[in-house]
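Asker: Sequence unavailable; structure follows:
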(Lines give C-alpha, C1' and ligand atoms only; values in the text may rest on other atoms or scores of the structure.)
Protein backbone atom coordinates (compact mmCIF):
# COMPACT_ATOMS: atom_id res chain seq x y z
CA UNK A 1 0.00 0.00 0.00
CA UNK A 2 1.19 3.53 -0.73
CA UNK A 3 0.34 6.66 1.21
CA UNK A 4 0.03 10.08 -0.41
CA UNK A 5 0.80 12.64 2.28
CA UNK A 6 0.60 16.42 2.41
CA UNK A 7 3.35 17.74 4.70
CA UNK A 8 2.68 21.35 5.72
CA UNK A 9 5.24 23.46 7.60
CA UNK A 10 3.90 25.65 10.42
CA UNK A 11 5.21 28.97 9.06
CA UNK A 12 3.74 32.34 8.10
CA UNK A 13 4.37 31.54 4.42
CA UNK A 14 2.84 28.62 2.56
CA UNK A 15 5.38 25.81 2.64
CA UNK A 16 4.26 22.30 1.81
CA UNK A 17 5.25 19.14 0.00
CA UNK A 18 3.03 16.38 -1.28
CA UNK A 19 4.81 13.04 -1.12
CA UNK A 20 4.22 9.38 -1.79
CA UNK A 21 5.70 6.74 0.51
CA UNK A 22 5.26 3.02 0.85
CA UNK A 23 3.10 1.96 3.75
CA UNK A 24 5.68 -0.59 4.85
CA UNK A 25 8.36 2.08 5.25
CA UNK A 26 9.27 2.91 8.83
CA UNK A 27 8.38 6.24 10.36
CA UNK A 28 12.15 6.70 10.79
CA UNK A 29 12.46 6.69 6.98
CA UNK A 30 9.66 9.26 6.73
CA UNK A 31 11.46 11.39 9.35
CA UNK A 32 14.71 11.23 7.33
CA UNK A 33 12.94 12.18 4.11
CA UNK A 34 11.07 15.10 5.69
CA UNK A 35 14.09 16.81 7.24
CA UNK A 36 16.11 16.22 4.06
CA UNK A 37 13.43 17.48 1.66
CA UNK A 38 12.74 20.59 3.75
CA UNK A 39 16.47 21.40 3.99
CA UNK A 40 16.76 21.10 7.77
CA UNK A 41 20.10 20.40 9.43
CA UNK A 42 20.48 16.66 10.16
CA UNK A 43 21.19 15.24 13.59
CA UNK A 44 18.41 16.81 15.65
CA UNK A 45 15.84 14.99 17.78
CA UNK A 46 12.32 14.65 16.46
CA UNK A 47 8.99 13.02 17.24
CA UNK A 48 5.76 12.23 15.48
CA UNK A 49 2.48 12.72 17.29
CA UNK A 50 -0.87 11.14 16.55
CA UNK A 51 -3.47 13.78 15.79
CA UNK A 52 -7.08 14.29 14.74
CA UNK A 53 -8.92 16.50 12.24
CA UNK A 54 -8.54 19.49 14.63
CA UNK A 55 -4.76 18.94 14.79
CA UNK A 56 -4.86 18.19 18.52
CA UNK A 57 -1.61 16.62 19.73
CA UNK A 58 -2.03 13.03 20.83
CA UNK A 59 0.41 10.33 21.88
CA UNK A 60 4.06 10.66 20.93
CA UNK A 61 6.00 8.34 18.64
CA UNK A 62 9.62 9.07 19.63
CA UNK A 63 12.75 8.39 17.60
CA UNK A 64 13.99 5.80 20.06
CA UNK A 65 12.21 3.51 22.53
CA UNK A 66 13.21 4.02 26.15
CA UNK A 67 12.14 0.48 27.07
CA UNK A 68 11.13 -2.74 25.29
CA UNK A 69 7.38 -2.06 25.45
CA UNK A 70 7.56 1.45 24.02
CA UNK A 71 6.97 2.15 20.31
CA UNK A 72 9.56 4.00 18.23
CA UNK A 73 9.97 5.37 14.70
CA UNK A 74 12.04 2.36 13.65
CA UNK A 75 9.46 -0.14 14.88
CA UNK A 76 6.38 1.60 13.46
CA UNK A 77 5.45 1.60 9.79
CA UNK A 78 3.69 4.44 7.99
CA UNK A 79 0.69 2.14 7.54
CA UNK A 80 0.56 1.37 11.29
CA UNK A 81 0.88 5.04 12.25
CA UNK A 82 -1.96 6.14 9.97
CA UNK A 83 -4.20 3.12 10.59
CA UNK A 84 -6.51 4.99 12.99
CA UNK A 85 -6.11 8.58 11.83
CA UNK A 86 -5.47 10.62 8.70
CA UNK A 87 -3.55 13.32 10.59
CA UNK A 88 -0.25 13.51 12.40
CA UNK A 89 2.19 16.08 13.70
CA UNK A 90 5.94 16.04 13.23
CA UNK A 91 8.26 18.12 15.43
CA UNK A 92 11.90 18.45 14.39
CA UNK A 93 14.57 20.05 16.58
CA UNK A 94 12.90 20.74 19.90
CA UNK A 95 14.88 23.97 20.39
CA UNK A 96 13.75 25.56 17.12
CA UNK A 97 10.39 23.72 17.16
CA UNK A 98 9.99 23.06 13.45
CA UNK A 99 6.40 21.79 13.37
CA UNK A 100 4.82 20.04 10.40
CA UNK A 101 1.25 18.89 9.84
CA UNK A 102 0.89 15.52 8.09
CA UNK A 103 -2.32 14.65 6.30
CA UNK A 104 -3.15 11.49 4.36
CA UNK A 105 -4.55 12.69 1.05
CA UNK A 106 -5.20 9.20 -0.33
CA UNK A 107 -3.94 5.64 -0.32
CA UNK A 108 -3.47 3.16 -3.15
CA UNK A 109 -3.11 -0.59 -2.95
CA UNK A 110 -0.61 -0.81 -5.82
CA UNK A 111 2.92 0.29 -5.05
CA UNK A 112 5.25 2.15 -7.38
CA UNK A 113 8.93 1.47 -7.91
CA UNK A 114 10.37 4.14 -5.60
CA UNK A 115 10.14 4.02 -1.80
CA UNK A 116 9.63 7.80 -1.55
CA UNK A 117 8.73 10.44 -4.13
CA UNK A 118 8.09 14.18 -3.78
CA UNK A 119 5.06 14.83 -6.01
CA UNK A 120 4.82 18.60 -5.59
CA UNK A 121 6.45 21.35 -3.58
CA UNK A 122 5.38 24.88 -2.68
CA UNK A 123 7.60 27.43 -0.89
CA UNK A 124 10.78 27.16 1.12
CA UNK A 125 11.37 27.28 4.86
CA UNK A 126 12.71 30.65 6.00
CA UNK A 127 16.33 30.78 7.14
CA UNK A 128 16.77 30.37 10.88
CA UNK A 129 19.58 31.34 13.21
CA UNK A 130 20.96 27.82 12.89
CA UNK A 131 21.70 28.48 9.21
CA UNK A 132 23.90 31.50 9.88
CA UNK A 133 27.68 31.05 9.89
CA UNK A 134 28.13 32.29 13.48
CA UNK A 135 25.74 29.70 14.90
CA UNK A 136 27.12 26.78 12.90
CA UNK A 137 30.71 27.76 13.58
CA UNK A 138 32.66 25.24 15.59
CA UNK A 139 34.79 27.99 17.12
CA UNK A 140 35.48 27.47 20.80
CA UNK A 141 33.61 30.09 22.89
CA UNK A 142 36.87 30.74 24.75
CA UNK A 143 38.37 31.96 21.46
CA UNK A 144 35.42 34.25 20.58
CA UNK A 145 35.43 38.00 21.01
CA UNK A 146 32.90 39.63 23.29
CA UNK A 147 30.95 40.87 20.24
CA UNK A 148 30.82 37.32 18.78
CA UNK A 149 29.62 35.90 22.10
CA UNK A 150 26.97 38.60 22.45
CA UNK A 151 25.74 37.91 18.90
CA UNK A 152 25.74 34.15 19.49
CA UNK A 153 23.67 34.40 22.67
CA UNK A 154 21.46 37.25 21.45
CA UNK A 155 22.90 39.73 23.94
CA UNK A 156 23.90 42.32 21.34
CA UNK A 157 20.42 43.88 21.58
CA UNK A 158 20.69 44.68 25.30
CA UNK A 159 20.80 48.30 26.38
CA UNK A 160 24.25 48.82 27.90
CA UNK A 161 22.86 51.66 30.05
CA UNK A 162 20.75 49.17 32.00
CA UNK A 163 23.81 47.53 33.57
CA UNK A 164 25.28 49.02 36.78
CA UNK A 165 28.53 50.93 36.42
CA UNK A 166 31.59 49.78 38.31
CA UNK A 167 31.72 52.90 40.50
CA UNK A 168 28.03 52.65 41.48
CA UNK A 169 27.55 51.77 45.10
CA UNK A 170 26.27 48.26 45.68
CA UNK A 171 24.10 47.28 48.61
CA UNK A 172 25.92 45.46 51.38
CA UNK A 173 25.67 41.76 50.90
CA UNK A 174 24.67 39.96 54.13
CA UNK A 175 26.98 37.08 53.14
CA UNK A 176 30.04 39.30 52.72
CA UNK A 177 30.60 38.78 49.02
CA UNK A 178 32.28 41.52 47.03
CA UNK A 179 30.79 42.29 43.65
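Answerer: Cool, the structure landed. Everything numeric in this text was worked out from a predicted model, so none of it was measured.
Asker: from memory residue 27 sits against residue 73, does it?
Answerer: Yes. Using C-beta atoms under 8 Å, residue 27 is in contact with residue 73, at 4.2 Å. C-beta here means a position set from N, CA and C on the backbone, and glycine is covered the same way.
Asker: More neighbours: which of those two?
Answerer: residue 27 (26 against 21; other C-beta atoms under 10 Å).
Asker: measure the more buried one to residue 151 for me?
Answerer: 37 Å (C-beta to C-beta, to the nearest Å).
Asker: re the thing from before, what touches both of residue 27 and residue 73?
Answerer: Common neighbours of residue 27 and residue 73 are listed as 48, 61 (criterion: C-beta atoms under 8 Å, 6 or more residues apart in numbering).
Asker: Can you find which strand in the protein contains the most residues?
Answerer: Assignment by DSSP state E gives strand 98-108 as the longest strand of the chain.
Asker: Please pull up the helix or strand immediately following that one.
Answerer: strand 116-122 (DSSP states H and E).
Asker: Relative to that next one, what are the paired strands and their orientations?
Answerer: Applying DSSP bridges to the sheet, strand 116-122 is found paired with strand 16-22 (antiparallel).
Asker: Just the residues contacting the strand it pairs with, thanks.
Answerer: With C-beta under 8 Å, 6+ apart, strand 16-22 has contacts from 1-9, 29-30, 33, 37-38, 78, 105, 111-112, 114-123.
Asker: Would you list the buried entries among these?
Answerer: Listed as buried from those are 2-5, 7-9, 29-30, 33, 38, 78, 116; burial here means 16 or more other C-beta atoms under 10 Å.
Asker: Tell me which entries of these lie within helices.
Answerer: Of these, the ones assigned to helices by DSSP state H are 29, 30, 33, 78.
Asker: ok, of those residues, which one's closest to residue 100?
Answerer: residue 30 (10.6 Å; C-beta to C-beta).
Asker: So the closest one is in contact with residue 79, correct?
Answerer: No. Counting by C-beta under 8 Å, residue 30 stays clear of residue 79, with 11.2 Å between them.
Asker: Residues in a beta bridge with the residue nearest the centre of the chain, which ones?
Answerer: Nearest residue to the geometric centre of the chain (C-alpha atoms, centre = their mean): residue 92, 1.8 Å. Per DSSP bridges, the residues bridged to residue 92 are residue 46, residue 98.
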